[in-house]
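*Asks:* What shape does this take:
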Amino acid sequence: NVACVAGLLELGDKNAPTTYGPDHLWSYEIGTKALLFDKTLSVNADVYYIDWTAIQQTITIPICGGAFNANVGNATAIGSEVEVRYKPPVIQGLTLGVNLGGEHAYITSSTNSLTAAVGQDVLYTPEYTASVIANYGWRVTSSIEGFLRTDYEYTGKSFGSYVISTPSAPNPGYINPGYSVVNLSTGVNVGKFEIALFAKNLFDNKTILQSPLIDGEIQGYTLRPLTVGLSFQAKFP
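*Replies:* A predicted model of the protein is given here:
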């Protein structure tokens, strides 16, 4: 494929690698867990540092849109996470929650600066994530519990390519935009069984997550559309 050959040359390669090796990492984390206000409020928080060697990345080939896996070098990730849960005493059975996360993951050394340069962000790693959760449960009978759950999830911007987009050489796959989604479910728990009616992507968000350039044509991949269904689960000890 002529387009793939030209794309590989842009990455400093004549041929896509046919194999790649294992990666290794050291992870350091410190955090805290707290139960407050008569155990109605829980707060968990941590910060972490990851030293990542021979990081594996999926590299999209410019122009043709093909891809290969490769060890592009070493990377560092620094981040933090916070999880909060609250059970308001005035509403029995209601649990509210918030999750927040932030991470900066970047290349610290490179095997090929044309493929991935030092200082660039690791691919597909969102800068920020957040979610808001509400769960309400109530007794239908002594053996049946009803529930209603909803959550809002936000995923921040990430990078989908190491090839920087410029006015003279645009790369539509360089940045993956942030997006949000709302999910809803309701059902019953009967012993170890759960039956639920669910709606994922309730408001049918059609954000284009990735826009790779394939054989000269810009493609678009969106969030999974509104999906409504029925689920059945059995939980075993």
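
*Asks:* in which helix or strand would I find residue 7?
*Replies:* Using DSSP states H and E, residue 7 sits in helix 2-10.

*Asks:* next helix or strand past that helix?
*Replies:* strand 24-36.

*Asks:* So in that sheet, which strands flank that next one, and in what orientation?
*Replies:* Sheet neighbours of strand 24-36, with direction, are listed as strand 41-60 (antiparallel) (DSSP bridges).

*Asks:* Which positions in the partner strand come out as buried?
*Replies:* In terms of neighbour count (16 or more other Cβ atoms under 10 Å), strand 41-60 has its buried residues at 42, 50, 52, 54, 55, 57, 59, 60. Yep, even glycine has a C-beta here, placed from its N, CA and C like the rest.

*Asks:* from what I can see residue 122 touches residue 55, true?
*Replies:* Yes. Counting by Cβ atoms under 8 Å, residue 122 touches residue 55, with 6.9 Å between them.

*Asks:* list the residues that contact both of those two?
*Replies:* Contact criterion Cβ atoms under 8 Å, 6 or more residues apart in numbering; residues shared by residue 122 and residue 55: 75, 107.

*Asks:* and the worst-scoring helix or strand of the chain on mean pLDDT, which strands flank it?
*Replies:* One helix or strand of the chain scores below all others by mean pLDDT, DSSP states H and E: strand 213-214, with a mean of 72. Using DSSP bridges, strand 213-214 pairs in its sheet with strand 217-218 (antiparallel).

*Asks:* Tell me how far the partner strand lies from the chain's centre.
*Replies:* 25 Å (Cα atoms, centre = their mean, to the nearest Å).

*Asks:* got it, and stretch 85-104?
*Replies:* 20 Å.

*Asks:* which parts of that stretch are buried?
*Replies:* Buried residues in stretch 85-104 (16+ other Cβ under 10 Å): 85, 86, 87, 94, 95, 96, 97, 99, 100, 101, 102, 103.

*Asks:* if you look at those, which of them are in strands?
*Replies:* Residues of these located in strands (DSSP state E): 85, 86, 94, 95, 96, 97, 99, 100, 101, 102, 103.

*Asks:* Next up, the contacts around the closest residue to the last one other than its chain neighbours.
*Replies:* The shortest distance from residue 103 to any residue that is not its chain neighbour, by Cβ to Cβ, 6 or more residues apart in numbering, is 3.4 Å, and that residue is residue 79. With contacts defined as Cβ under 8 Å, 6+ apart, the neighbours of residue 79 are 47, 48, 101, 102, 103, 104, 105.

*Asks:* So which bits of the helix or strand hosting residue 79 are buried?
*Replies:* In the assignment (DSSP H and E), residue 79 maps to strand 67-86. Buried positions in strand 67-86, judged by neighbour count with 16+ other Cβ under 10 Å: 68, 70-77, 79, 81-83, 85-86.

*Asks:* Between helix 2-10 and it, find me the angle.
*Replies:* With axes from the mean of the first three to the mean of the last three Cα atoms, to 10 degrees applied, the angle from strand 67-86 to helix 2-10 works out at 70 degrees.

*Asks:* what pairs with strand 67-86, and is each one parallel or antiparallel?
*Replies:* Strand 67-86 sits in its sheet next to strand 41-60 (antiparallel), strand 94-110 (antiparallel), going by DSSP bridges.

*Asks:* Send me the shortest one as PDB with only the CA atoms.
*Replies:* What follows is the C-alpha trace of strand 94-110 in PDB, where atoms were taken according to Å, rounded to 0.1, in the frame of the first residue of the first chain:
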ATOM      1  CA  LEU A  94     -30.000   7.100  49.100                       C
ATOM      2  CA  THR A  95     -26.300   7.100  48.300                       C
ATOM      3  CA  LEU A  96     -24.600  10.000  46.500                       C
ATOM      4  CA  GLY A  97     -21.100   9.800  45.100                       C
ATOM      5  CA  VAL A  98     -18.400  11.800  43.300                       C
ATOM      6  CA  ASN A  99     -15.300  10.400  41.700                       C
ATOM      7  CA  LEU A 100     -12.500  12.700  40.400                       C
ATOM      8  CA  GLY A 101      -9.200  11.800  38.700                       C
ATOM      9  CA  GLY A 102      -6.400  13.600  37.000                       C
ATOM     10  CA  GLU A 103      -3.300  12.300  35.300                       C
ATOM     11  CA  HIS A 104      -0.300  13.500  33.300                       C
ATOM     12  CA  ALA A 105       1.500  10.700  31.500                       C
ATOM     13  CA  TYR A 106       4.300  11.600  29.200                       C
ATOM     14  CA  ILE A 107       7.200  10.100  27.300                       C
ATOM     15  CA  THR A 108      10.600  10.500  29.100                       C
ATOM     16  CA  SER A 109      12.900   8.700  26.500                       C
ATOM     17  CA  SER A 110      12.200   7.600  23.000                       C
END
